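> structure here, sequence nowhere to be found:
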């Protein structure tokens, strides 16, 4: 299973979960996977939005 200590952003969260002891390692790994997926999607959306702005600016410059 994926270990959260390998992820610098979530290492502290992992330790908190393990201190509680109620949450299994599989649940923590699944939560990490979901968090990383959301983060990757947000970065992808920012890149695509930046490209859209760039293309729009280039189109306006070429128009004049």
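Thanks, I have it. Because the structure is predicted, anything quoted here is derived from the model rather than measured.
> point out where the protein drops to low pLDDT.
Within the chain, the stretches with pLDDT under 70 are 1-23, 63-64.
> in it, which helix is the longest?
helix 25-63 (DSSP state H).
> so which bits of it are buried?
If you call a residue buried by 16 or more other C-beta atoms under 10 Å, then helix 25-63 has these buried ones: 28, 31-32. C-beta: built from backbone N, CA, C; applies to glycine.
> which elements pack onto that helix?
helix 11-20 (3 or more C-beta pairs under 8 Å, 6 or more residues apart in numbering; DSSP states H and E).
> quick revisit: okay if I get the buried residues of helix 25-63 as CSV plus distance to residue 38?
Below are the buried residues of helix 25-63 laid out as CSV (distance: C-beta to C-beta, whole Å):
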residue, distance to residue 38
28, 16
31, 11
32, 11
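> show me which of these is closest to residue 53.
residue 32 (31.8 Å; C-beta to C-beta).
> how close does residue 27 sit to residue 34?
For residue 27, the distance to residue 34 equals 11 Å [C-beta to C-beta, to the nearest Å].
> do residue 47 as well
21 Å.
> and residue 45, by the same measure?
For residue 45, the distance to residue 34 - C-beta to C-beta - is 17 Å.
> state the distance from residue 38 to residue 60.
Following C-beta to C-beta, the distance that separates residue 38 from residue 60 is 33 Å.
> also residue 24?
Counting by C-beta to C-beta, the gap from residue 24 to residue 60 is 54 Å.
> same thing with residue 51?
15 Å.
> next one: residue 28
48 Å.
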